[in-house]
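Enquirer: Can you look at this prediction? I've put the sequence above it.
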Amino acid sequence: MENRNTHTILAVDDSPENLDLIKNILEPHYTVKVAVHSELALHIATSQLPDLILLDIMLDDMDGYEICHQLKSSDKTRNIPVIFLTAKHSEEDEVHGFRIGGSDYITKPFSPSIVLARVRTQIQLKTKSDLLEKLASLDGLTEIPNRRAFDTALERQWNQSKRTGMPLSLLIVDIDNFKQFNDYFGHPMGDECLKRVARALQDITHRPEDLVARLGGEEFSILLPNTDSIGALLRAEQYRETIENLRIRHTQSNPNTFVTISVGVATLQAHAFDNVASLLKAADDALYQAKHQGRNRICA
Ligand code: GH3
Ligand code: MG
Ligand code: MG
Ligand code: MG
């Protein structure tokens, strides 16, 4: 069961009377925002990301289908369910509503209890799919984004970088001699070490567009959009220092050796690499160099 007012619903209708009616039905259960025209509707949808949109079709400016189409075309708003609430009765109208991504279709005049019931169903489905989406993109051990989330973000940032000509940097981070760590301290302590390293990498990553992910094993990647090769080297050095400064003991015998990382750095300068795989390979090759040169260092 959803808690009172924890979900936000955006109602869009060109009639203020209709909006009042909808508000009366939903406000005891949800936070309700309203918009009387399409521009405001799109603004609220993209800036506040409501959990559900109740959408009239016949509006003064843009029609509801077009609003729905725009919402479904953007990554940000694609997952917000849309329920059409409209006087358009025909079969074709309803089929069209579903075809462009609507989740439900209610015709006017409507029954308040049916609107509420159908809203509740969509909110429950949205809550479940949000949770699934989150779980599918997080690494189970460290609870940071996983390989799947990284691949998706890399593809998106790659395309954006190609379009804008802005540099995109990629760091691959690998814990040094981690097999030995496991051998000395055991696998459960190894897991704890992975969690601490993951958290530390994430804690010093402040820009919202940057992404730290666990690629697998003791390997992490850090995606730095709009960052050139000099910026990326500086960031890589920060990560390296931060992990060394955690002073996680690496061997049982020597209290002065600590867990360290090696970092491979690659930067996409407009059109220098022809595909995503070549950028990954460049970072991987650089990591190999860092290992080869003695570990606890950065190579580009
Ligand atoms: P290098 O400095 O060359 O990277 O050496 P390394 O020992 O870190 O690299 P290697 O690839 O030989 O070993 C990686 C180790 O990471 C072996 C594996 O048991 C351990 N490992 C991978 N995933 C996990 C995990 O989820 N938990 C724990 N505890 N250990 C893991
Ligand atoms: Mg209307
Ligand atoms: Mg390693
Ligand atoms: Mg490795």
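Expert: Yep, that arrived. Ligands and ions are numbered 1, 2, ... in the order given.
Enquirer: From now on I want contacts and neighbour counts done on CA atoms only, so please keep to that.
Expert: OK.
Enquirer: what is the mean pLDDT for the helix or strand Val119 falls within?
Expert: Assessed by DSSP states H and E, Val119 sits inside helix 112-137. Averaged across helix 112-137, pLDDT comes to 96.
Enquirer: Give me the outermost residue of the chain relative to its centroid.
Expert: Within the chain, the residue lying farthest from the chain centre (Cα atoms, centre = their mean) is Ser253, at 42.5 Å.
Enquirer: Now do the contacts for that one.
Expert: With contact set as Cα atoms under 8 Å, 6 or more residues apart in numbering, Ser253 has no partners.
Enquirer: now do Arg99
Expert: With Cα under 8 Å, 6+ apart, Arg99 has no contacts at all.
Enquirer: ok, 10 Å please
Expert: Counting by Cα atoms under 10 Å, 6 or more residues apart in numbering, Arg99 touches 69, 93.
Enquirer: How about the one 4 residues further on?
Expert: Shown in contact with Ser103 (Cα under 10 Å, 6+ apart): 52-53, 80-84, 97, 122.
Enquirer: Just the C-alpha atoms of the host helix or strand of Tyr239, please, in PDB.
Expert: According to DSSP H and E, Tyr239 maps onto helix 229-245. Below are the C-alpha coordinates for helix 229-245, written out as PDB (Å, rounded to 0.1, in the frame of the first residue of the first chain):
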ATOM      1  CA  SER A 229      42.700  14.100 -20.700                       C
ATOM      2  CA  ILE A 230      44.400  16.500 -18.300                       C
ATOM      3  CA  GLY A 231      41.300  16.600 -16.100                       C
ATOM      4  CA  ALA A 232      41.000  12.900 -16.200                       C
ATOM      5  CA  LEU A 233      44.600  12.400 -15.000                       C
ATOM      6  CA  LEU A 234      44.000  14.700 -12.100                       C
ATOM      7  CA  ARG A 235      40.900  12.800 -11.200                       C
ATOM      8  CA  ALA A 236      42.600   9.500 -11.500                       C
ATOM      9  CA  GLU A 237      45.400  10.700  -9.100                       C
ATOM     10  CA  GLN A 238      42.700  11.800  -6.600                       C
ATOM     11  CA  TYR A 239      41.100   8.300  -6.700                       C
ATOM     12  CA  ARG A 240      44.500   6.600  -6.300                       C
ATOM     13  CA  GLU A 241      45.500   8.800  -3.400                       C
ATOM     14  CA  THR A 242      42.100   8.400  -1.700                       C
ATOM     15  CA  ILE A 243      42.300   4.600  -1.800                       C
ATOM     16  CA  GLU A 244      45.900   4.500  -0.500                       C
ATOM     17  CA  ASN A 245      44.800   6.900   2.300                       C
END
